[in-house]
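Student: no sequence for this one, just the structure:
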């Protein structure tokens with residue numbers, strides 16, 4: 001009996017030992033799990049996926065084009081004009097968030113209705129130019145039709161030429177699902193109105209145009225900072241039917257560049273002159289230098305009307321040397337034009 005009692009006591013202590021060690025081992029495993037590299041990675045991933053706001057966008061000046069350089073605030077007649085950096089940061093945050101998302105890039109494209117005129121949207125209006133427009137003021141001319149994703153193929157609105165979208169699904173079907181970057185919401189768009197730029201595109205150059213303060217700035221991303229390269233006067237489009245139109249606000253992709261953009265005399269097919277170093281972002285709207293009328297064929301550097309009041313047909317005029325700086329620096333598929341009010 002004594003030997004049996006000692007054996008039972010020995011077994012009891014052995015069991016207690018393994019139970020204690022087991023508890024410590026489990027606790028240690030839990031501690032390791034909570035501080036493991038994998039869990040930190042998950043936390044980091046969640047941090048990366050956080051949606052950015054304008055406050056997250058860092059700006060710093062690194063001026064490369066210093067001719068006609070403006071201050072952040074500068075006098076105009078009896079008022080003060082300024083660069084609206086907060087608005088620009090908000091729009092850059094939209095681009096940054098889109099870059100962080102998966103999916104190919106796409107551009108809505110219908111310059112001069114080359115991809116056929118869009119159908120007429122329900123409840124359309126005719127604007128002062130006698131053109132069909134949707135409830136958002138986007139004209140049918142040179143736009144892409146945006147249909148409901150609910151499967152009823154209802155035409156909801158129009159999308160401007162040059163608007164940026166993401167393509168979460170297959171982009172080879174007849175109707176492509178798009179998620180707006182330049183606008184809100186998801187829609188179906190006929191394939192012929194979309195140019196796919198794949199997922200390798202990284203928009204790291206911005207041309208920022210302010211139609212209220214009549215100025216223009218260029219910015220380029222370097223690591224985690226957007227550097228301001230130039231700050232200049234500009235002249236934007238004026239609302240003046242039947243020919244001149246205001247420069248539309250929004251986010252657009254740089255689609256093409258022309259060393260000379262020839263323009264017609266209003267209401268005719270006659271060439272009236274050219275604008276140098278033109279960078280197109282939507283419809284017939286370019287960032288370009290001071291227009292030169294025939295028979296004068298030499299480039300005009302500047303104009304006293306720059307930075308005053310809107311007066312162009314839709315384009316963004318700036319000093320011709322600054323226009324050349326933009327032309328040489330901005331690249332298709334890497335550059336965005338942001339127009340704010």
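Tutor: On my side now, so go ahead. Only a predicted model underlies this, so the values are computations on that prediction, with no experimental measurement involved. Numbers count the residues shown, from 1 in each chain.

Student: Now that we're looking at residue 293, what pLDDT does it have?
Tutor: The predicted structure scores residue 293 at 88 on the pLDDT scale.

Student: what bridges to the closest residue to it other than its chain neighbours?
Tutor: Taking CB to CB, 6 or more residues apart in numbering, and ignoring the residues beside it in sequence, residue 293 has residue 273 as its nearest neighbour in space, at 4.0 Å. The C-beta positions use only the backbone N, C-alpha and C, and glycine is treated the same way. Beta-bridge partners of residue 273, counted by DSSP bridges, are residue 263, residue 293.

Student: Does residue 273 touch residue 289 like I think?
Tutor: No: shown here, residue 273 and residue 289 do not form a contact pair, counting by CB atoms under 8 Å, at 11.6 Å.

Student: which residues touch the residue nearest to residue 293?
Tutor: Listed by CB atoms under 8 Å, 6 or more residues apart in numbering, the contact partners of residue 273 are 262-263, 291-294, 296.

Student: ranges for the strands of the stretch 51-200 of the chain?
Tutor: For the stretch 51-200 of the chain, the strands defined by DSSP state E, counting those that start in this stretch occupy 58-61, 73-76, 79-82, 104-108, 125-126, 132-133, 143-147, 155-160, 164-167, 175-180, 186-190, 194-198.

Student: Generate a markdown table for those, with distance to residue 280 and mean pLDDT as supplementary columns.
Tutor: Rendered in a markdown table, the data for the strands of the stretch 51-200 of the chain read as follows (distance: least, CB to CB, whole Å; pLDDT from 0 to 100):
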| stretch | distance to residue 280 | mean pLDDT |
| --- | --- | --- |
| strand 58-61 | 26 | 98 |
| strand 73-76 | 28 | 98 |
| strand 79-82 | 26 | 98 |
| strand 104-108 | 12 | 95 |
| strand 125-126 | 26 | 96 |
| strand 132-133 | 22 | 97 |
| strand 143-147 | 16 | 98 |
| strand 155-160 | 13 | 97 |
| strand 164-167 | 15 | 96 |
| strand 175-180 | 21 | 95 |
| strand 186-190 | 21 | 96 |
| strand 194-198 | 13 | 91 |
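
Student: For the ones you listed, please prepare JSON lines with the additional fields distance to residue 251 and mean neighbour count.
Tutor: Below are these laid out as JSON lines (distance: least, CB to CB, whole Å; neighbours: other CB atoms under 10 Å):
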{"stretch": "strand 58-61", "distance to residue 251": "17", "mean neighbour count": "12"}
{"stretch": "strand 73-76", "distance to residue 251": "25", "mean neighbour count": "12"}
{"stretch": "strand 79-82", "distance to residue 251": "21", "mean neighbour count": "13"}
{"stretch": "strand 104-108", "distance to residue 251": "11", "mean neighbour count": "23"}
{"stretch": "strand 125-126", "distance to residue 251": "24", "mean neighbour count": "10"}
{"stretch": "strand 132-133", "distance to residue 251": "20", "mean neighbour count": "19"}
{"stretch": "strand 143-147", "distance to residue 251": "15", "mean neighbour count": "24"}
{"stretch": "strand 155-160", "distance to residue 251": "10", "mean neighbour count": "22"}
{"stretch": "strand 164-167", "distance to residue 251": "6", "mean neighbour count": "23"}
{"stretch": "strand 175-180", "distance to residue 251": "10", "mean neighbour count": "20"}
{"stretch": "strand 186-190", "distance to residue 251": "16", "mean neighbour count": "19"}
{"stretch": "strand 194-198", "distance to residue 251": "15", "mean neighbour count": "17"}
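
Student: how about those strands in a markdown table, adding distance to residue 254?
Tutor: Putting the strands of the stretch 51-200 of the chain into a markdown table (distance: least, CB to CB, whole Å) gives the following:
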| stretch | distance to residue 254 |
| --- | --- |
| strand 58-61 | 21 |
| strand 73-76 | 27 |
| strand 79-82 | 25 |
| strand 104-108 | 10 |
| strand 125-126 | 30 |
| strand 132-133 | 25 |
| strand 143-147 | 18 |
| strand 155-160 | 14 |
| strand 164-167 | 11 |
| strand 175-180 | 18 |
| strand 186-190 | 21 |
| strand 194-198 | 11 |
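
Student: on that earlier part again, would you check how far apart the residue nearest to residue 293 and residue 147 are?
Tutor: 40 Å (CB to CB, to the nearest Å).

Student: what does residue 85 give?
Tutor: Summarising the geometry, the distance separating residue 85 from residue 147, computed by CB to CB, is 37 Å.

Student: what does residue 174 give?
Tutor: Relative to residue 147, residue 174 is positioned 11 Å away (criterion: CB to CB).

Student: any chance you could map the helices in the stretch 1-150 of the chain?
Tutor: Under the criterion DSSP state H, counting those that start in this stretch, helices of the stretch 1-150 of the chain are mapped to 2-34, 37-48, 85-100.

Student: Alright, calling it a day.
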